[in-house]
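# from the sequence below, what's the structure:
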Amino acid sequence: MDFEKIVAEITRENWAEVLSSVPCSSCDTIGEYATFIHPNNNGVGLTCAACGRNHPFIGYGIHWLRGGEKRRRPPNNTAAVIAEYGAYCYFCGAAQTELWGWGIGMSAFHTRPWATCGDAFRQIPACNECHETATALQRARQRRRDADARRNAA
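So this is what the prediction gives:
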């Protein structure tokens, strides 16, 4: 099995075709796979339908399925965002100097998820703690939208 080739070409869209003749690394059943969505990171993973093992090809470098052609994410220019909008967290209001005193950094927060919108919407300064919370809320909102879309499609 040429797993280097499989790793290079497998995506969320083509996984069934790519793995149709590949045996599970745990039970050797061929081509019996399904996908699952991890609720914390919206990652799409594989599971063997025969033995139930999640991530049966993790040893070969296949953990989560990518959504298609990999886009290179441009680096955030946190300094430019802070210069434009102010040196404080837009969520908790703590000043950058106060945050540094607590050992908390700042970053640029995408007001719409970068994975779906890219840099089309503005970025705002956020402390790293609030950034993590706001990102979790964005993901929860997206899961609700996805569930509504599935319900409306049925």
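# I'd like to know which elements the host helix or strand of Asp148 is packed against.
Taking DSSP states H and E as the criterion, Asp148 maps to helix 128-153. Under the contact criterion of 3 or more CB pairs under 8 Å, 6 or more residues apart in numbering; DSSP states H and E, helix 128-153 touches strand 106-110. Every residue, glycine included, has its C-beta placed from N, CA and C.
# buried sites along the strand it packs on?
With burial defined by 16 or more other CB atoms under 10 Å, the residues of strand 106-110 counted as buried are 106-110.
# closest one of those to Thr35?
Nearest to Thr35 out of those is His110 (CB to CB; 26.2 Å).
# if you count neighbours, what's buried in stretch 29-46?
33, 42, 44-46.
# adding secondary structure, write the residues you listed out as JSON lines.
What follows is these, written out as JSON lines (DSSP: H, G, I helix; E, B strand; the rest coil):
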{"residue": "Tyr33", "secondary structure": "strand"}
{"residue": "Asn42", "secondary structure": "coil"}
{"residue": "Val44", "secondary structure": "strand"}
{"residue": "Gly45", "secondary structure": "strand"}
{"residue": "Leu46", "secondary structure": "strand"}
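# pLDDT-wise, what's the bottom of those?
Ranked by pLDDT, the buried residues of stretch 29-46 bottom out at Asn42 (67).
# okay, now the unreliable bits of the protein?
Scanning the chain with the threshold set as pLDDT under 70 gives 39-42, 68-76, 115.
# can you give me the strands in it?
33-37, 44-48, 64-65, 106-110, 123-127 (DSSP state E).
# tell me what the shortest one is packed against?
Contacting strand 64-65 under the criterion 3+ CB pairs under 8 Å, 6+ apart are the following elements: strand 44-48.
# next one: the strand it packs on to chain centre, how far?
Relative to its chain's centre, strand 44-48 lies at 15 Å (CA atoms, centre = their mean, to the nearest Å).
# ditto for stretch 129-142
12 Å.
# what are the buried residues along it?
Neighbour-count burial for stretch 129-142 [16+ other CB under 10 Å]: 129-131, 134-135, 138-139.
# what does stretch 6-16 give?
Per 16+ other CB under 10 Å, stretch 6-16 contains these buried residues: 6, 10, 15.
# can you tell me which of the residues you listed are in helices?
6, 15 (DSSP state H).
# tell me the domain boundaries of this structure?
3-65, 78-153 (automatic domain parsing).
# before we move on, back to that, nearest to Ser21, of the buried residues of stretch 6-16?
Ile6 (10.6 Å).
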